[in-house]
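Engineer: predicted model and sequence follow; I will ask about them next.
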Amino acid sequence: MNKSIKAINKKNISNSRTQYLNHIRLYKISITVLRFLILMAFIAAWEISTRTGILNPFIFSSPSRICTTFIAMAKDNSIFIHIWTTLFETFLSFFLIIIVGMGAAILLWLWKGLSDCLEPFLIVLNSLPKSALAPMIIVWLGNNMKAIIITAISVAIFGMIINIYTGFLEIDKEKIILIKTLGGTKKDILKKLILPGSKQIIISNMKVNIGLCLVGVIIGEFLAADKGLGYLIIYGSQVFKMTYVSMSIVILCIISTVLFKLVDVIEKMFRD
């Protein structure tokens, strides 16, 4: 009797779970379809507005002009050179930010005196408008890729150090005391508790910083580049080829979406 009741309850739970999962799946599909329809509606409205004169096609270009320009530049591979340059600089600055940011946060956690000394300087540097630092960096390092990378790093590095260090400090103090009671050293606390416990904070900062790196690279390319999407935007505005500007902005939107999804995949891998 008990076995049959358990079997019925198990069946009901299984059916309820299946219905719930189907509901979640349908919801995700509907959201994806809705997003696609909104995007298509925006593109259609943009194209119609430029064709009917609601928007000035010289200033705002149009989806059809952007596609034509992209195909023309793809034939001689020039657009791919610009995209690759921006992507390379973004990825390089992103990885450097992760290494330097994590290393600095760990050092601040290991040596309290160092953190107490440097914390106000980090806060001041993080509050500075990063576009104001870019010209100084360009003058210091010259018009080259190194200056662009340093500019991109300056946009995100101070915020990452502060956020990760703050996350380290928010780890449960009782767990730290327990490890110390069991004879663990500060390095043991770091390896066994602090880093694993801050995994979500680190991933969240990566999501923010991948976008900030792209912003920093574009700022750097505005001032010190002869190729890249930032250079293409400046060049297009200077020679009044606004389709170059619009096309570059559209490509940057696509790149930022792909980069965010890439970090999202990494987050799911660590979560699993």
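Structural biologist: Received it, and whenever you're ready, just let me know what you need. Just so we're clear, the structure is a prediction, and the values are computed from it rather than from any experiment.
Engineer: which helices and strands sit right next to the helix or strand harbouring Val124?
Structural biologist: Secondary structure from DSSP states H and E places Val124 in helix 112-127. Judged by 3 or more Cβ pairs under 8 Å, 6 or more residues apart in numbering; DSSP states H and E, the packing partners of helix 112-127 are helix 78-110, helix 145-169. C-beta coordinates here come from the backbone N, C-alpha and C atoms, glycine included.
Engineer: recalculate using a threshold of 6 Å.
Structural biologist: Packed against helix 112-127 by the contact rule (3 or more Cβ pairs under 6 Å, 6 or more residues apart in numbering; DSSP states H and E) you find helix 145-169.
Engineer: quick one, what contacts Leu122?
Structural biologist: 158, 161-162 (Cβ atoms under 6 Å, 6 or more residues apart in numbering).
Engineer: and which of those residues is nearest Ile71?
Structural biologist: Nearest to Ile71 among the contacts of Leu122 is Phe158, at 41.6 Å by Cβ to Cβ.
Engineer: dump the C-alpha coordinates for the helix holding Val124 into PDB.
Structural biologist: Extracted C-alpha coordinates of helix 112-127, given in PDB (Å, rounded to 0.1, in the frame of the first residue of the first chain):
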ATOM      1  CA  LYS A 112      46.300  44.800   5.400                       C
ATOM      2  CA  GLY A 113      48.800  47.700   5.800                       C
ATOM      3  CA  LEU A 114      49.100  47.800   2.000                       C
ATOM      4  CA  SER A 115      45.400  47.900   1.500                       C
ATOM      5  CA  ASP A 116      44.900  50.700   4.100                       C
ATOM      6  CA  CYS A 117      47.600  52.700   2.400                       C
ATOM      7  CA  LEU A 118      46.500  52.300  -1.200                       C
ATOM      8  CA  GLU A 119      42.700  52.200  -0.800                       C
ATOM      9  CA  PRO A 120      42.100  56.000  -1.000                       C
ATOM     10  CA  PHE A 121      44.300  56.300  -4.100                       C
ATOM     11  CA  LEU A 122      42.400  53.500  -5.800                       C
ATOM     12  CA  ILE A 123      39.100  55.100  -5.100                       C
ATOM     13  CA  VAL A 124      40.300  58.500  -6.400                       C
ATOM     14  CA  LEU A 125      41.700  56.800  -9.600                       C
ATOM     15  CA  ASN A 126      38.500  54.900 -10.100                       C
ATOM     16  CA  SER A 127      36.400  58.000  -9.900                       C
END
